[in-house]
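[1] Sequence first, then the predicted structure, then my questions.
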Amino acid sequence: MKRKPLNQHTPMIESLRTNALAVFDFPPPAERRHGPQGYVDYTSFKPWLRDEFAFRCLYCLTRERWFPIGHEGFSVEHYAAQSIAPALRCNYENLLYVCCACNAARRDIALPFDPMQEPLSAHLRITRGGLAEALTIEGAQFIDICRLNRSASVDFRRRLLNLLETANEDVLLDWLAYPDDLPDLSTSRPPTGNSRPAGIAESYFERRRRAELPPVY
């Protein structure tokens, strides 16, 4: 998809350049926008979860654009593990969107709090040096369970922050734009319906179609 050039003084671009650490600000919990129902294979929920979680890992905030293989580097995660709550295996309310590394690290270990109910920002933060820093005991447990301070992850975050602080607008757009392959959820037909059909109009695909999607986030 051809991108329109950005003015060098676009406020959003300048804000991200001067406060690159904002890309690792954990967003506050939000009510789910979508409600697909009836899939018997939980991976079928992935397009909905991509949109629900803004194309980034809920746990470490790594984005699809930062992976050479895009969304293939991400998994459908179960808040209540399948081994503990098999009845929730295909319950959309129990599903999260995380990168494969965080998914593999967590395994079936229970999280110390529900990140859909409590803000991650109350328990941990990412530092300028790329470290995940605990603010509470629960935050330290969360970091350990998901291995957020894997050396490769810390190094990547540090290098990315250095890049963003000195990058020109084209580089910022390449790294911080939404994915080109936004899912068109209006074409999806969940087997037993969608309990929140109004969410489709607020999906990122529809917002881009209406020219309402910001160039970066």
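    Sure thing, it's come through.
[2] my read: residue 130 touches residue 150, true?
    No: using Cβ atoms under 8 Å as the test, residue 130 is too far from residue 150 to be in contact (10.7 Å). Where you see a C-beta, it was placed from the backbone N, CA and C, and this is true even at glycine.
[3] Neighbour count: the two, which is higher?
    The residue with more neighbours, out of residue 130 and residue 150, is residue 130; 20 against 15, by other Cβ atoms under 10 Å.
[4] Residue 61 - how many residues pack around it?
    20.
[5] ok, now how distant is it from residue 153?
    11 Å (Cβ to Cβ, to the nearest Å).
[6] For the biggest helix by length in the chain, list every residue counted as buried.
    For the chain, the helix with the greatest residue count under DSSP state H is helix 151-166. Judged by neighbour count (16 or more other Cβ atoms under 10 Å), helix 151-166 contains these buried residues: 153-154, 157-158, 160-161, 164.
[7] One more: stretch 105-125?
    For stretch 105-125, using 16+ other Cβ under 10 Å, the buried residues are 105-106, 111-113, 115, 120, 123-125.
[8] Just the CA atoms of stretch 161-172, as CSV, please.
    What follows is stretch 161-172, C-alpha atoms only, in CSV (Å, rounded to 0.1, in the frame of the first residue of the first chain):
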residue,chain,number,x,y,z
LEU,A,161,14.2,3.4,21.2
ASN,A,162,17.6,4.7,20.0
LEU,A,163,16.4,4.4,16.4
LEU,A,164,13.1,6.2,17.0
GLU,A,165,14.7,9.1,18.7
THR,A,166,16.9,9.9,15.7
ALA,A,167,14.7,8.6,12.8
ASN,A,168,13.3,10.6,10.0
GLU,A,169,9.6,10.6,9.3
ASP,A,170,9.8,7.7,6.7
VAL,A,171,11.5,5.4,9.2
LEU,A,172,9.1,6.3,11.9
